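Participant: fold the following.
(2 chains)
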Amino acid sequence: MGKFKQAIINILKKQVKQEIALEIPPDSKLGDYAFPCFSLAKKLKKNPVEIAKDLANKLKPTPLIKEIRVVGPYVNFFINKEKLAELTLKEIFKKKDKYGSADTGKGKKALIEHTSINPNASPHVGRARNAIIGDSLTRLLRFEGYKTKAHYWVNDVGKQIAILVYGARNKKNIKFGDLLKIYVETNEKLKKDPELVKEIFNLLKKLEQGDKKAKAEFKRISTICVKGQMKILNELGIKFDVLDYESKYLWSKTLPAILKKLEKTGRLFTDEAGRKILDQKEFNFAMKSPVLVLTRGDGTSLYPLRDIAYTIDKIKKAPDRNLIVLGEDQKLYFKQIAAALSLLGYKAPEVVHYSFVLLGREAMSTRAGKVVLLEDLMKEIVEKARKEIKKRNPKISKLALEKLSRIIGYGAIKYGIIKVSPDKEVLFNLEQALSFEGDAAPYCQYAHTRIAAILRKHGKKLNLNVKFDLLKTSEEHKLIKLLSDFPEVVASALKNLKPNLIANHVYELARAFNEFYHNCPVLTVEKELKEARLLLISCVKQVLKTGLNLLGIEAPNRM
RNA sequence: GGGCCUGUAGCUCAGUCUGGAUAGAGCAGUACCCUCCUACUUUAAAUAGAAGAUAGGUAAAGGUCAGGAGUUCGAAUCUCCUCAGGCCCGCCA
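Facilitator: Here you go, the predicted structure:
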């Protein structure tokens, strides 16, 4: 599509001496591109309708531009659809699952940190938002050619895990599934008993001092946690390359080095209790007191300092592209870290913030035990998919049924979460999360299987040299246009860190295909048209698959 | 009190960055319909027959784009104010 746009800009440039901004008309019947004449009208002090008429008279069609038409104050362009079809379909056929990638990350390294759930319990569906967005961005980076590592930061230090360590004492054979209950219960006790709070902090202190027994206790619990969390995420198809442990930074030599460097900037001061504090007045943060406290009075590190050290390590590992996915609660905090990093001469990672998933009127809270666990939702949705498949296909083998119900169920979860723009808070609704209709993953997967079925039935190799001018229904044009737009969508999704753009586009494509499916039979028409349509739908299949895969969703051939 | 985000159909959302032609989808409800999918039947075989849907399609219906003001030839989109919800505002992580 880019070629055609450029061709239009080129011929317009000869007549109009200003920046040319083309638009897409609201209805394709009006044209493929439009040039509005309002800004010219102001300049020339003439009626825009007149200007459009004059302008159109001076423009001549070219091999890529078929027709130029005036519609009110717009000059509308119709591109050569046959040419578009040929160029697009041939390119998809040639590039296969690489179609859509501009390979902008070739030879570059990228690193993304996401999910990084506190190791205190089984993740709730709110956390899944982080994982699903992060995983999709990882896939996008890789698709664009970046050598990408997905990192997971294990917060195995701190009050949260200390609470769990305390609560799990004297209990043997603790399983991942027990932790949530232990965590919630211990938290309740904590509220009533101030002595207990002291004990928790004692425990933490011991760990930070390197006490062997404390270390072992923390290790035991965090291992159970991380393993349990990884199992769930892996089951969803979300995998990490590197786990980084916060505890490693407790005694890291880079911490004093960072403090020294900050001292040189003159912004670091020590308060009356001996705490090292970074003054951030210059950054105009909306805080009562714009500071970042980096150490305790006894010199031990606080989280922000360890986070800075960790982030610097990440930047060093992948200087080309660094991403992180964080909850909206971390917006201000992350700005503070970014400011500290800039003082140290580093550029902060590109960040995606997402809003919380609400349960009724409240945000989900592990602490209060008010959660819908991700693994429960997963089980439920797979069960529902299983029933649906059985209803349609009672003879399916057990193995195939299990695999397919996961592909469909997990696809539905991922799509449902990713299609919503990250800065929107979501009210969790089980019924809706379990829906397989309309704007949902199964709809897109279904379109893919329909094409697979037609191609299977056809059974023969596809012919690439078809008569592209036979593809002339509006359904076919719509499909071709959507296919040709795909690379731009991918580029925009990665540039703006918005994988939901891909979800929208895949859905549009599936919808356009279903319209086509009802109006344009493939196998029953005469040979030449059949060949052209077969080529078209195989390209649609490819792009549906690529798009779904970028969201971490599989595209089955049967369902 | 201050800052950031959100408010679009009964419900869930896209569109807002980069202002343009009648504001798009889905769900639920209404009225229809298809079959290259699925299982079944006939058959030498089928692109045959009859059947099925909360993963298909069409149509109608559903909107003060939270409210107000401003900028502009033109505002859901930009600016300001108000209202409502979410999140955040040193010594937790």
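
Participant: how does chain A divide into domains?
Facilitator: The record's domain split for chain A, according to automatic domain parsing, is A:2-79, A:114-363, A:436-550.

Participant: of those, which stretch is the most buried?
Facilitator: Per-residue neighbour counts averaged over each of the domains of chain A give the maximum for domain A:436-550, namely a mean of 19 (mean count of other CB atoms under 10 Å). Backbone N, C-alpha and C define where each C-beta goes, glycine included.

Participant: that domain near RNA strand B anywhere?
Facilitator: Yes: when contact is scored as CB under 7 Å from any atom of the strand, part of domain A:436-550 falls within range of RNA strand B: A:436-440, A:442-443, A:445-446, A:449-450, A:453-454, A:456-457, A:492, A:496, A:498, A:500-501, A:504, A:507, A:511, A:514-515, A:517-518, A:520-524.

Participant: that domain - what's its average pLDDT?
Facilitator: Mean per-residue pLDDT for domain A:436-550: 92.

Participant: show me how far it is from its chain's centre.
Facilitator: Taking CA atoms, centre = their mean, to the nearest Å, one finds the center of domain A:436-550 at 22 Å from the center of the full chain.

Participant: need the domains of chain A in a markdown table with distance to A:Arg406, can you?
Facilitator: Conversion of the domains of chain A to a markdown table gives the following (distance: least, CB to CB, whole Å):
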| stretch | distance to A:Arg406 |
| --- | --- |
| domain A:2-79 | 38 |
| domain A:114-363 | 8 |
| domain A:436-550 | 12 |
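
Participant: SS state for whichever residue of the stretch 351-500 of chain A sits closest to RNA strand B?
Facilitator: Proximity of the stretch 351-500 of chain A to RNA strand B (CB to the nearest atom of the strand) peaks at A:Gly438, 2.0 Å away. When the structure is split into helix, strand and coil by DSSP: H, G, I helix; E, B strand; the rest coil, A:Gly438 lands in coil.

Participant: now do the phi/psi pair for it.
Facilitator: Backbone torsions of A:Gly438, given as degrees, to the nearest 10, read phi 60, psi -130.

Participant: again with A:Gly327
Facilitator: A:Gly327 has phi and psi values of phi -70, psi 160 when expressed as degrees, to the nearest 10.

Participant: just to revisit the earlier point, among the domains of chain A, which comes closest to A:Leu427?
Facilitator: domain A:114-363 (5.1 Å; CB to CB).

Participant: is RNA strand B contacted by the closest one?
Facilitator: Yes: using CB under 7 Å from any atom of the strand as the criterion, contacts between domain A:114-363 and RNA strand B involve A:118, A:155, A:157-160, A:204, A:246, A:271, A:273, A:275, A:277, A:286-289, A:291, A:293, A:296-297, A:302-304, A:328-333, A:355-356, A:358, A:361-363.

Participant: what are the phi and psi values at A:His353?
Facilitator: Dihedral angles (degrees, to the nearest 10) for A:His353: phi -100, psi 140.

Participant: residue contacts, the residue nearest to it when sequence neighbours are not counted?
Facilitator: Spatial nearest neighbour of A:His353, excluding adjacent residues (CB to CB, 6 or more residues apart in numbering): A:Glu328 at 4.9 Å. Under the criterion of CB atoms under 8 Å, 6 or more residues apart in numbering, the neighbours of A:Glu328 are A:His353, A:Tyr354, A:Ser355, A:Phe356, A:Asp423.

Participant: can you give me the neighbour number for the spatially closest residue to the second one that is not a sequence neighbour?
Facilitator: Spatially, and ignoring its direct neighbours in sequence, A:Tyr354 is nearest to A:Pro422 (3.9 Å; CB to CB, 6+ apart). By other CB atoms under 10 Å, the residues close to A:Pro422 number 20.

Participant: what are the ranges of the helices in the stretch 451-559 of chain A?
Facilitator: A:474-495, A:500-519, A:527-550 (DSSP state H, counting those that start in this stretch).

Participant: SS state for the residue nearest in space to the middle of chain A?
Facilitator: Chain A has A:Ile133 as the residue nearest its centroid, 3.2 Å off, counting by CA atoms, centre = their mean. Under three-state DSSP, A:Ile133 falls in the helix class.

Participant: grab the nearest non-local neighbour of it.
Facilitator: By the measure of CB to CB, 6+ apart, the closest residue to A:Ile133 outside its immediate chain neighbours is A:Val325, 5.4 Å from it.

Participant: give the contact list for that neighbour.
Facilitator: With contacts defined as CB under 8 Å, 6+ apart, the neighbours of A:Val325 are A:Ile112, A:Glu113, A:His114, A:Thr115, A:Asn130, A:Ile133, A:Gly134, A:Leu137, A:Val351, A:Val352, A:Tyr354.
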